[in-house]
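Q: generate a structure from the sequence data that follows.
(chains A, B and C)
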Amino acid sequence: MERILLSHGSGGKNSKKLLEFIYNGLGKIVVNLGEDSGIAEIQSEKIAITTDSYTIEPIFFSGGNIGKLAICGTLNDLAMVGAIPKYLTLAFILEENFAIEDLKKILSSIRKESESAGIKIIAGDTKIVSKGKLDKIFINTAGVGTIEHSQNINSKNAQVGDAIIVTGEIGNHGAAIMAYRNEFQTELCSDCASVSPLIQNLLNANIEIHTLRDPTRGGLASILNEIASASSVDIELDEREIPINDSVNGICDILGMDPLYMACEGRAIIVSPESEANKILKILKKTVAAKNAKKIGKVTKKSDKPRLYLKTFIGSKRILPLLSRELTPRIC
Amino acid sequence: MCLAVPYKIISTDDTKAIADVFGVRKEIDIRVIENVNVDDYVLVHAGFAIQKMSQKEAKITLKLLREVSEKSI
Amino acid sequence: MKNQFKDNPQLLPLLCKIDKLIELSERKGKRFNFMEICGTHTVSILKHGFRSYFKDKIKFISGPGCPVCVTSQKDMDRVIALAKSGVKIATFGDLIKVPGSHSSLEEQQALGKQIDVVYSPLDCLKIAENADEEVVFIAVGFETTIPVIASLVLDAERMNIKNLSILAIIKTIPNALKFLLANLETEIDGFICPGHVSVIIGEQPYNIIPEKYGIPCAIAGFDPVDIALGIESLITQIKDKNPIVANRYKRMVKLDGNPAARNLINEVFEEDDVDWRGFGKVPASGLKLRKRFAKFDADKKFDIKVETTSEPKGCICGEIIAGKKLPAECQLFAKKCTPDSPVGPCMVSFEGSCAAFYKYGE
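A: Here you go, the predicted model:
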């Protein structure tokens, strides 16, 4: 078995072979093997449920692959409501002719990320489509987590005076992908990672948190615009304080893109009372993954026309708008 | 109308060079630049070097910045 | 290495100094009208917050230096007609969303036409070598971009690539500037001259501006320090009543520009009268391929049939490009015309003044 064939999706012998291969690759994280439904054992008054689908070109990138991205993405979505991740579902849609060797690497990443998060895969599915019907591999997941805190964490809850904290350098994922697509050589890696442990550390220390978001598609500026809008507040960032890797700046300068709008896959935006800011930074910085955590701005006032502002290097204020279209490299 | 960024030359090979912007490397075309040496900075637009940066003039401009901002009117 | 032209402790003192110079100038109360010719300046001025910093003192007017914005509706229709004909299109990302009379490249891509976004025109060599079909590079740009387009043509000739051609929609700045100056309806107190075009053409082409029209000029780069030094120069020239062409970007712009790059341009292209959105036909303000390169000329290679061209109704992009009106004076602005559904090119282009004004909420 070297390549995915249509018969791997037929329900016959080959399907069984592929399933066994997948189970093998995932190891003990799979529970309820072979049943039509998985049964979750959950003791909690509140549970969090999320779903997402993953597609990325290239599927293997510096710092991760589509498998790692799918698991971390799901864990991060759960973490953004302060949930403790418990179960995942996992569905693959594979293009005919997809290399089994690549699938093996992807499964291995999924296993590693799931094991370190202590989650189980409770249900799954595999579909094969004929060549050209999709680009190599799509992964769909659902995540289930328990809520064991009693805080009201959501995008509508940003309060005037709150500090805006980011858990690390922004835009590394987006920039690493752009670098690959444009044939730049760089040591820059995607930041693809689970932020769940960071958030658990904060909740365990009884930190008051108003809003949590992961700045994926659209990057920091887009997600903060959403928070401003949902909470009807103005937010102001300080350009000087926003942690950006030099290589990310380099790639963005070359391609005419803006790091503030580049996707992250392993960062969280934390909106908390200013009085908690120092404690948060202290806890975050204990972990290598968040050593570059930074307070980057504040919620300034209630507003009918919520806006995100940037205090620039020259000390002037400008609006950071919501972009209406995808970023493409440009020459002017 | 034209984005261009200074790159540092890492190596040259006839009309091509490998150049670096903050650890990001890319092959660029240097056919219209004379006397390019390793460690020179060149201004690159769309993968094409359009001028060699004058370090001397860069220093003069920064000096001008200090003079203008400190000079009393 | 920290970029000292971006983040520099002297920058704020310089801005205070400019504030003082403005206060001392005789034009108290009345804003200076400065035109930045280059669209990248428009974006830098907004992005770094200069527009809001100087909002009561300087009115920045965007000039005709965004290649997307000045591309005529008819030329855009030709691009889309080519895409429809089934050739593979290679283009800068900038052009993808620009609406023609009936469609856009983005829409053609969605309909299954082959549209490749390239970072460098030279990437087209590889694309053509790997393609069985005809590849056409949509060559838009000013002097900064033309040397690399010329190199593409020369390399294609040397490598004997037969399935590659360019659609030349190339514009040059000096004669367009002369046209702009001869037709100015707004009083301009100073020009911020385009840094990267000047890298190629040098300082001399701007001399006519102070000499004939008495308007100060400053060639400036794009980092905050460069822009601030450019503004300082313009205001000092006004104060001293001594308009000149000041070069505040000397680390990149030589007096004579880059002659080797210009030789390359001249080898491949010759002057042509071309259409500018907002200006109409301007004599000798663009370039076409020389006869020797006819086989790389998409205009000659393909019979490009354009359906009827119609300018979008109510759109005043032309007047905005010519510096006659501001985006807010357009009845479509922020109503029918938004970045989500742009009517005119000034709303599409990243550096178009309408898009810039819309995004930054001014």
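Q: pairing partners for the longest strand along chain B, with directions?
A: Identified as the longest strand of chain B according to DSSP state E is strand B:5-13. Strand B:5-13 has the following strand partners under DSSP bridges: strand B:16-21 (antiparallel), strand B:41-45 (antiparallel).
Q: tell me the mean pLDDT over that strand?
A: What strand B:5-13 shows for mean pLDDT is 96.
Q: got it, and stretch C:184-198?
A: Mean predicted confidence for stretch C:184-198 is 93.
Q: other SSEs contacting whichever strand or helix holds residue C:232?
A: Per DSSP states H and E: residue C:232 is located in helix C:224-240. Here helix C:224-240 touches helix B:55-70, helix C:11-24, strand C:32-38, helix C:39-47, helix C:50-53, strand C:190-194, strand C:217-220, strand C:245-247, going by 3 or more CB pairs under 8 Å, 6 or more residues apart in numbering or on different chains; DSSP states H and E. Heads up, the C-betas are built off the backbone N, CA and C, glycines and all.
Q: mind checking the longest strand of the chain?
A: Just going to use chain A. strand A:83-95.
Q: can you look at chain C instead?
A: strand C:280-289.
Q: what is the neighbour count of residue C:158?
A: 9 (other CB atoms under 10 Å in any protein chain shown).
Q: and residue C:126, by the same measure?
A: Using other CB under 10 Å, residue C:126 is surrounded by 10 other residues.
Q: let me know the helix or strand that it is in.
A: Assessed by DSSP H and E, residue C:126 sits inside helix C:123-129.
Q: right, and the helix or strand after that helix?
A: Assigned by DSSP H and E, the successor of helix C:123-129 is strand C:135-141.
Q: so what secondary structure elements neighbour that next one?
A: So strand C:135-141, by 3+ CB pairs under 8 Å, 6+ apart, packs with helix C:67-70, helix C:73-84, strand C:88-91, helix C:123-129, helix C:146-158, strand C:164-171.
Q: which residues does the closest residue to chain A within chain C contact?
A: Scanning chain C for the residue nearest chain A gives residue C:49, at 2.9 Å (criterion: CB to the nearest CB). Residue C:49 sits next to A:310, A:312, A:314, A:315, A:316, A:317, A:318 when contact means CB atoms under 8 Å, 6 or more residues apart in numbering or on different chains.
Q: okay, and the beta partners of residue C:193?
A: residue C:219.
Q: mind giving me the domain split of the chain?
A: Assuming you mean chain A. A:6-147, A:155-319 (automatic domain parsing).
Q: wrong one, I was asking about chain C
A: Here the domain assignment for chain C is C:31-315, C:317-359, based on automatic domain parsing.
Q: rank those by pLDDT, which is bottom?
A: Taking the mean pLDDT of the domains of chain C, domain C:317-359 comes last: a mean of 85.
Q: go ahead and confirm residue A:189 touches residue A:63.
A: Yes - the pair residue A:189 / residue A:63 is scored as a contact, 3.3 Å apart, by CB atoms under 8 Å.
Q: more neighbours: these two, which one.
A: residue A:63 (18 against 15).
Q: which residues touch the more buried one?
A: By CB under 8 Å, 6+ apart, the residues touching residue A:63 are A:172, A:173, A:176, A:189, A:190, A:191, A:192.
Q: equivalent analysis for residue C:53, please.
A: By CB under 8 Å, 6+ apart, the neighbours of residue C:53 are A:314, A:315, A:316, C:15.
Q: before we move on, back to that, of the contacts of residue A:63, closest to chain B?
A: Among these, and counting by CB to the nearest CB, the member closest to chain B is residue A:176, at 10.4 Å.
Q: the closest one belongs to a helix?
A: Yes - assignment of residue A:176 by DSSP: H, G, I helix; E, B strand; the rest coil places it within a helix.
Q: follow-up on the earlier one: in a markdown table: the contacts of residue C:49, plus neighbour count and distance to residue C:274.
A: Converted to a markdown table, these look like this (neighbours: other CB atoms under 10 Å in any protein chain shown; distance: CB to CB, whole Å):
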| residue | neighbour count | distance to residue C:274 |
| --- | --- | --- |
| A:310 | 23 | 38 |
| A:312 | 21 | 37 |
| A:314 | 21 | 37 |
| A:315 | 14 | 42 |
| A:316 | 19 | 38 |
| A:317 | 14 | 40 |
| A:318 | 23 | 35 |
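Q: now, which of those residues lie close to chain C?
A: A:310, A:312, A:314, A:315, A:316, A:317, A:318 (CB under 8 Å from any CB of the partner chain).
Q: what's the closest of these to chain C?
A: The nearest member of the ones next to chain C among the contacts of residue C:49 to chain C, counting by CB to the nearest CB, is residue A:316 at 2.9 Å.
Q: and chain B, which residues reach chain A?
A: B:1-3, B:5, B:21-26, B:44-46.
Q: would CSV of those residues with neighbour count be doable?
A: Converted to CSV, these look like this (neighbours: other CB atoms under 10 Å in any protein chain shown):
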residue, neighbour count
B:1, 33
B:2, 26
B:3, 23
B:5, 20
B:21, 22
B:22, 20
B:23, 16
B:24, 26
B:25, 20
B:26, 24
B:44, 25
B:45, 25
B:46, 28
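Q: which two of the residues you listed have the greatest separation?
A: Maximum pairwise distance in the residues of chain B next to chain A, criterion CB to CB, is 28.0 Å, between B:1 and B:23.
Q: which of the residues in stretch C:148-157 are buried?
A: For stretch C:148-157, a neighbour-count test (16 or more other CB atoms under 10 Å in any protein chain shown) marks C:148, C:149, C:150, C:151, C:152, C:153, C:154, C:155, C:156 as buried.
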